[in-house]
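Undergrad: quick one: sequence plus predicted model below, questions after.
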Amino acid sequence: MLDVAARGRHALLTAPTGAGKTLAGFLPTLADLATRPHDGLHTLYISPLKALAVDVQRNLLTPIAEMGLEIMVETRTGDTPADRKARQKARPPQILLTTPESLANLLSAPESLAMMAGVRRVIIDEIHAFGTTKRGDQLSLCLARLQKLAPAMQRVGLSATIADPEGWAGWLAPDADATHVEIVRAEAGVDPQIDILAIDDRIPWGGHNGRYAARAVMQQIANSRLAIVFVNTRAVAELVFRDLWAENDQALPIGIHHGSLAPEARRKVEAAMAAGRLRAIVATASLDLGLDWGDVDLVIQMGAPKGASRLLQRTGRANHRMDEASRCLIVPGNRFEYLEALAARDAVAAGELDPDGFRPGGLDVLAQHVVGLVAAAPIHPDALHAEVKSAAPYAGLTREAFDLVLDYAATGGYALKAYERYQRLVPGRDGLLRLRTAALARQWRMNSGTIVEAVAMNVVFGTGKPGRPGLSRGRKLGQVEEYFAGQLRVGDSFMFAGQTLEVTGFDGADIHVRLGRGSPKVPVYAGGRMPMTTRLAARVRGLMNDRARWAAMPDDVREWLELQARVSRLPGHDDVLVETFRRDDRWYMAVYGFAGHPAHQTLGMLVTQRMERAGLLPLGFVASDYAMVCWSLEPVDDPRPLFDPTVLEDELAEWLAASPFLRRAFREVAIIGGLVERVQPGVQKSGKAMSVSADLIYDVLRRHQPDHLLLTAAWTDARGKLTDIARLADLLEQAHSRLTHVRSAHVTPLAVPSLLTIGRERVGAEADSALLLEAEALIADAMRVD
């Protein structure tokens, strides 16, 4: 890294967890500052997490102090006090640790032109967390601006888990020219030790988060110094924490950490972890990245990891040293998940990481960025277009598309240009773009950023009735999604922050709660669902077709596969298996596509819509990463027409337009693009108010300007993120040419995990016993070999 820096080249460093990536990234900066003192900002460090910036500051200050160097290192995030932010603009430190959002905010200040002119290096840590997201679009645009202000600036990217270093070098490079970036590959560390838990060779038929194994997991925690228990959603974090606590006979100190908790609650857990006061912490992706807290010696993954890169990233949190194997225990939720866990372990051992889906940059992000740059200084459209095109995600941006973005940023677009509030930019006689009023700059800084939270309500701990004095000053525990809050009534109990809470009342955006007793009546809120990656899906199919591997599998899984092969057949390497069977006066169709939950969810919508038109009277469907199962009053005799790929686009457009998906996607792009404001001076708008504003604008644009820039952006987002259209299209093509239809006499073993999820969306205590009896009958039916 020193050599690359000395030659003035950009660098991408790929190195295993614990190899010292971060210090290697900073070493050229420290060497430069030690020999050539620099007044002003020398190096910017960009982190995906605020906590990571704070963690790096702590770990960087020690070597600087030990070397006796007079180097000032500071952080700048949303949590930084306003007086320090103001001082940093006037007297910046030599090294500033920040996030993409705070950097974009800083670049909107007029002072940034002088402040950034002397920047020598920018270091992007955990670069894989950015490139394929809107945060990555924002960061790439910020890098283009920095390079314009400081032409000699060197770019440095750091990562442990990227499958395509050359692709990432292109993303990092000015003008997307990968030849300007040197890829530095560190030696491989000790191979991780990844085990899969199977208690007495038993793996459940259904479920997806490993909660059945709470006692065994608690024993693993008791035998380790400090364990991180990773789960895939915030909801499951709450459930797993409760399950572990119920089995915690030794009363070991356990914490919980996820993005919905209040910042103070997260910081408290982080401090306890760093100080060694915890034995385990249940966490989501909030602890995925390169944090180095405490003496973690075991990672436990509850449920399937969904991707080899994610598994490797999480495993690397244990034994954060290059010369010692990281230890991970996967707890599969069901038999499909056992195969997925085995496939992920095989992929890690083979060094096969998940590919990154690079895509063109979002036009809503670009519109936000344009207004921010103009807030810093007037700029000519030609110069701005050239600068934007030097950012990799926008390298293919045509002048026509760019001018549409400029027109939107200036006027709001044709349908909205009569409204003064949407007019933000005005061209001067010199051709330079300026803000219409100075107040717009302040408004922009309060509302910038690309992370749009789900509409949320505050969970406030307090007693009494809403509106009484003192209640509004209750302690905020965190937030839950508004759609979940809408299910709650006074007296209902739910899991949050590791506790059962009872609702005592509602007050505006606040849900007031007190400690509840016993099991919660309402399931916890959802939290993001991660689909299984394409490469992992191919490996799962491979395991099903490799009988030589079955002998080493738990008895439950081996017998499940053998029975499936006898009563039906197993999915092949590249076909789509469709099974039809009758059960309880309903006809079922199971489709094994292995295309991930979003694609199967959309497939369910599409197929049931086609069944409706064919008079088959569909009643419903369920989707998982592995399959989609639907049921109807009439049988599907020939499934092939239901998978016709030729009219997919038209039907998808019709369905999206009528579904809440497009409105939800529009709300996000409208907030990012500045049509809907999150914050106004002295007022934080509620999620409901933002949704109402977005819906009103959406209806106006659909009627008067259906080709509006943000409607187009919403379509792109909805198709990609919400429906996984590319995987769905591949699945339909596959089914159209290589479909295998099996008519079974009864439910098949492979269909059982999907059927067990029917009716579990809302489960009260009374429903549990009925569902258990249904599950036993279902399994008994599947075990028949007649």
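TA: Received, thanks. As the structure is a computational prediction, the values presented were derived from the model and not from experiment.
Undergrad: please pull out the lowest mean pLDDT helix or strand from the chain.
TA: helix 765-782 (a mean of 60; mean pLDDT, DSSP states H and E).
Undergrad: dig out what residue 461 forms beta bridges with.
TA: Per DSSP bridges, the residues bridged to residue 461 are residue 475, residue 513.
Undergrad: what residues are up against it?
TA: By C-beta atoms under 8 Å, 6 or more residues apart in numbering, the contact list for residue 461 reads 474-477, 501, 512-514. Placement of C-beta: from N, CA and C, glycine included.
Undergrad: could you turn the buried ones of the residues you listed into a ChimeraX selection?
TA: Of the contacts of residue 461, the buried ones go into a single ChimeraX selection, burial set by 16 or more other C-beta atoms under 10 Å:
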select :474,476,477,501,512,513
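Undergrad: can you tell me which of the contacts of residue 461 comes closest to residue 119?
TA: residue 476 (37.7 Å; C-beta to C-beta).
Undergrad: need the contact list for that closest one.
TA: 262, 458-461.
Undergrad: in a markdown table: the residues you listed, plus pLDDT and distance to residue 400.
TA: Output for those, formatted as a markdown table (pLDDT from 0 to 100; distance: C-beta to C-beta, whole Å):
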| residue | pLDDT | distance to residue 400 |
| --- | --- | --- |
| 262 | 73 | 46 |
| 458 | 82 | 44 |
| 459 | 86 | 47 |
| 460 | 89 | 50 |
| 461 | 86 | 54 |
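Undergrad: same list (those residues) but as a markdown table, adding distance to residue 337.
TA: Converted to a markdown table, those look like this (distance: C-beta to C-beta, whole Å):
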| residue | distance to residue 337 |
| --- | --- |
| 262 | 32 |
| 458 | 34 |
| 459 | 30 |
| 460 | 36 |
| 461 | 35 |
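Undergrad: which of the residues you listed ranks first by neighbour count?
TA: residue 459 (26 neighbours; other C-beta atoms under 10 Å).
Undergrad: coming back round to it: quick check: the farthest pair among the contacts of residue 461?
TA: 476 and 514 (14.3 Å).
Undergrad: gap between residue 3 and residue 182?
TA: 9 Å (C-beta to C-beta, to the nearest Å).
Undergrad: neighbour count for the two, which is higher?
TA: The residue with more neighbours, out of residue 3 and residue 182, is residue 182; 16 against 11, by other C-beta under 10 Å.
Undergrad: and that one, what element?
TA: strand 181-185 (DSSP states H and E).
Undergrad: so in that sheet, which strands flank that strand, and in what orientation?
TA: Strand 181-185 has these strand partners (DSSP bridges): strand 10-14 (parallel).
Undergrad: which residues sit against the helix or strand that the partner strand is followed by?
TA: Downstream of strand 10-14, the first helix or strand assigned by DSSP H and E is helix 21-35. Helix 21-35 has contacts (C-beta under 8 Å, 6+ apart) with 1-2, 4-6, 13, 15, 38, 42-43, 45, 56, 59-60, 63-64, 67, 69, 71, 94-95, 120-121, 123, 125, 156, 158-160, 186, 290.
Undergrad: over to stretch 410-417?
TA: Applying C-beta under 8 Å, 6+ apart, the set of residues contacting stretch 410-417 is 407, 419, 422-427, 433, 675, 697, 700-701, 704-705, 708-710.
Undergrad: that one: how far from the chain's middle?
TA: 32 Å (C-alpha atoms, centre = their mean, to the nearest Å).
Undergrad: average pLDDT for it?
TA: The pLDDT scores in stretch 410-417 average 89.
Undergrad: mind saving the C-alpha coords of that stretch as CSV?
TA: Extracted as CSV, the C-alpha positions of stretch 410-417 are listed here (Å, rounded to 0.1, in the frame of the first residue of the first chain):
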residue,chain,number,x,y,z
ALA,A,410,-35.1,23.3,-11.1
THR,A,411,-38.9,23.2,-11.5
GLY,A,412,-40.2,19.9,-10.2
GLY,A,413,-41.1,18.8,-13.8
TYR,A,414,-43.9,19.9,-16.2
ALA,A,415,-46.8,18.9,-13.9
LEU,A,416,-45.4,20.7,-10.9
LYS,A,417,-43.7,23.8,-12.3
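Undergrad: list the buried residues in it.
TA: 410-413, 415-416.
Undergrad: out of the residues you listed, what pair is the most spread apart?
TA: 410 and 415 (14.2 Å).
Undergrad: which residue, neighbours along the chain excluded, lies closest to residue 170?
TA: residue 178 (4.1 Å; C-beta to C-beta, 6 or more residues apart in numbering).
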